[in-house]
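**Student:** sequence unknown, structure follows:
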C-alpha cells in the first residue's frame, strides 16, 4: 500500500512536469505572431522560431534518452527543468531581440527532449506491461491538457504584457524543479540497470529489431497531425469563412476529446492488444480526414476535427507505450528515438502538406487519408516479425 502511494505521488509529479512543458509549448502559439508583428520582423520568422525548436529536439532526444538510461531519470529531469525554465526566461528578457529569441527556442527544444525521454523512461520504470498503457495514457492526457490550456493562458497573459506568459512559465517550472529535487526519488531501474549485456548499444542497433516499424509508424502519425494543424484553418476559411475565435473553439473541443482518449480509453487497453487498437486508430483517423473534405458548416467542421483527433490521440499514446515494451529495457533511448521521429514529422509535415494545399485544397486530406491507411502495413510487418527485443529481454529475466 505504501509503495503504491509512492508510485502515485511520483506519477502525479511526472504528469505535472509534462503538463507544464506542453503548457509552455502552447503558450507561445498565440503570442509569437504578435511579437513578430510588433517588432516589424518578417513573418517568416514565425515558422522559423517554431521549426528550430523541433529541430533541436529531433537531433538531441536519442542522446538524452541514452544518457537517461545510463545515468538515471531524476538527474536528467532536473537538468531538463533548469534548461526549459531558462529558455522561457531568455525569451521574456530579450523579447525584442530576434537572435536571442532563436537562441531561446534552441535551448527550449534541446531540453524538452531531455524532459520527455527521462519522464517517459521513469514512467516505464515504475510500471509493468499490464499497467503501462494506463500510465502512458495519463501522461498523454497531461500533454493534451497542456495543449488545451497553453494557448488560452498565453492569449490572456499576452494581452497584459507580451513577455508575461514566458516570465510566469519560467517561474512555474523553476518551482517544479525545487519540488522535484526534494520529492522525486530515482526509480528502481528495470532491464538496463541489471541486464545491460542483452541490450543493444546505440540508437542504430534498435533498428535491427522489429521496434523499427513502431518508430516509422510514430513518424507518420505526427506527420499527418502536423499537416492538419498547418492547413485546417486555411481549408476552413476557404470552405466556411471560419474566424480565429471559431477556430479556437474547435481546437478546444478537440483538445478535450484528446484528453478523454488519453485518460479514459488508453488505460483500458490490455497488454498484447496494442496493434489491434493502433489499426483501429488509423481507420478512425482516416474517417476524420475524409469528413473534413465534406465540411459544410461549423458543426460539421468540429465533428470532423474531433473524429480525427480521437484516432490520432489513440495512435500517438498507444505507440509510445508499445515502443517502451519493445525496447528491451532501454526505455529512455527508445522514447528519445520516438520523440525525434515525432519532431521530424513536425518539421516535414507542415511544408509537405501546405505545398499539397496549394495544388488542391482537398488533395491534402485525400493524401493524408491514404497515408493513414497505408501505414497499417507497418503494423502487419511488426506483428509478423519475431525479431523482438521484448521476447529476448523477458527470456533473460
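**Tutor:** Nice, thanks for sending it over. Keep in mind that this is a model prediction, so the values were computed, not measured.
**Student:** which ones are touching residue 314?
**Tutor:** Listed by CB atoms under 8 Å, 6 or more residues apart in numbering, the contact set of residue 314 reads 261, 265, 266, 277, 278, 280, 281, 284. Where you see a C-beta, it was placed from the backbone N, CA and C, and this is true even at glycine.
**Student:** From those, which shows the smallest pLDDT?
**Tutor:** Within the set of those, pLDDT is lowest for residue 266 (70).
**Student:** That one reaches residue 136, doesn't it?
**Tutor:** Yes - using CB atoms under 8 Å, residue 266 is in contact with residue 136, at 6.7 Å.
**Student:** what helix or strand does residue 69 sit in?
**Tutor:** Secondary structure assignment for residue 69, by DSSP states H and E: helix 44-71.
**Student:** quick one: pLDDT of the residue nearest to residue 265 when sequence neighbours are not counted?
**Tutor:** What sits nearest to residue 265 in space, not counting adjacent residues and going by CB to CB, 6 or more residues apart in numbering, is residue 314, at 6.4 Å. We have a pLDDT of 89 for residue 314.
**Student:** same thing with residue 50?
**Tutor:** Residue 50 is given a pLDDT of 74.
**Student:** same deal with residue 329?
**Tutor:** Note for residue 329: predicted pLDDT of 67.
**Student:** how about low-confidence regions in the stretch 51-200 of the chain?
**Tutor:** Within the stretch 51-200 of the chain, the stretches with pLDDT under 70 are 129, 133, 188-200.
**Student:** er, the stretch 251-397 of the chain actually
**Tutor:** 263, 267, 329-332, 389-397.
**Student:** mind listing the helices in it by residue range?
**Tutor:** Ranges of helices within the stretch 251-397 of the chain are 274-293, 298-325, 331-359, 363-374, 376-384, 389-396, based on DSSP state H, counting those that start in this stretch.
**Student:** Tell me the buried residues in the helix or strand where residue 159 lies?
**Tutor:** Assessed by DSSP H and E, residue 159 sits inside helix 132-160. Within helix 132-160, the residues that count as buried by 16 or more other CB atoms under 10 Å are 132-155, 157-158.
**Student:** Which elements pack onto the helix or strand just after that helix?
**Tutor:** Using DSSP H and E, the helix or strand that follows helix 132-160 in sequence is helix 164-183. Judged by 3 or more CB pairs under 8 Å, 6 or more residues apart in numbering; DSSP states H and E, the packing partners of helix 164-183 are helix 2-38, helix 73-93, helix 132-160.
**Student:** Would you convert those helices into a markdown table that also reports distance to residue 236?
**Tutor:** Below are the helices and strands packed on helix 164-183 laid out as a markdown table (distance: least, CB to CB, whole Å):
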| stretch | distance to residue 236 |
| --- | --- |
| helix 2-38 | 17 |
| helix 73-93 | 30 |
| helix 132-160 | 17 |
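**Student:** Between the ones you listed, which one is closest to residue 219.
**Tutor:** helix 132-160 (17.5 Å; CB to CB).
**Student:** List the residues that contact residue 173.
**Tutor:** By CB under 8 Å, 6+ apart, the residues touching residue 173 are 20, 21, 24, 81, 84, 85, 88.
**Student:** If I take the helix holding residue 159 and helix 331-359, what angle do their directions form?
**Tutor:** Angle, helix 132-160 to helix 331-359, by axes from the mean of the first three to the mean of the last three CA atoms, to 10 degrees: 60 degrees.
**Student:** before we move on, back to that, what residues do residue 266 and residue 136 have in common as contacts?
**Tutor:** Contacts common to residue 266 and residue 136, judged by CB under 8 Å, 6+ apart, are 317, 318, 321.
**Student:** Let me know the closest of these to residue 120.
**Tutor:** Nearest member of the shared contacts of residue 266 and residue 136 to residue 120, counting by CB to CB, is residue 321, at 9.5 Å.
**Student:** residues in contact with the closest one?
**Tutor:** With CB under 8 Å, 6+ apart, residue 321 has these contacts: 132, 133, 136, 137, 266, 269, 274.
**Student:** And the nearest residue to it once chain neighbours are set aside, how far from residue 309?
**Tutor:** Leaving aside its sequence neighbours, residue 321 sits nearest to residue 136 (CB to CB, 6+ apart; 4.0 Å). Using CB to CB, to the nearest Å, residue 136 is found at 18 Å from residue 309.
**Student:** again, but for residue 355
**Tutor:** According to CB to CB, residue 355 stands 24 Å off from residue 309.
**Student:** The two: which is more packed in?
**Tutor:** Neighbours were counted for residue 355 and for residue 309 using other CB atoms under 10 Å; residue 309 has more, 27 against 11.
**Student:** Could you count how many residues lie near the nearest residue to that one once chain neighbours are set aside?
**Tutor:** With sequence-adjacent residues excluded and distances taken as CB to CB, 6+ apart, residue 309 is closest to residue 254, at 4.2 Å. A count of nearby residues for residue 254, using other CB under 10 Å, gives 25.
**Student:** sorry, back to before: of all the helices of the stretch 251-397 of the chain, which lies closest to residue 216?
**Tutor:** Closest to residue 216 of the helices of the stretch 251-397 of the chain, according to CB to CB: helix 376-384, at 5.8 Å.
**Student:** Outside of the closest one itself, list whatever touches it.
**Tutor:** So helix 376-384 is contacted by 210, 213, 214, 216, 217, 220, 275, 278, 279, 282 (CB under 8 Å, 6+ apart).
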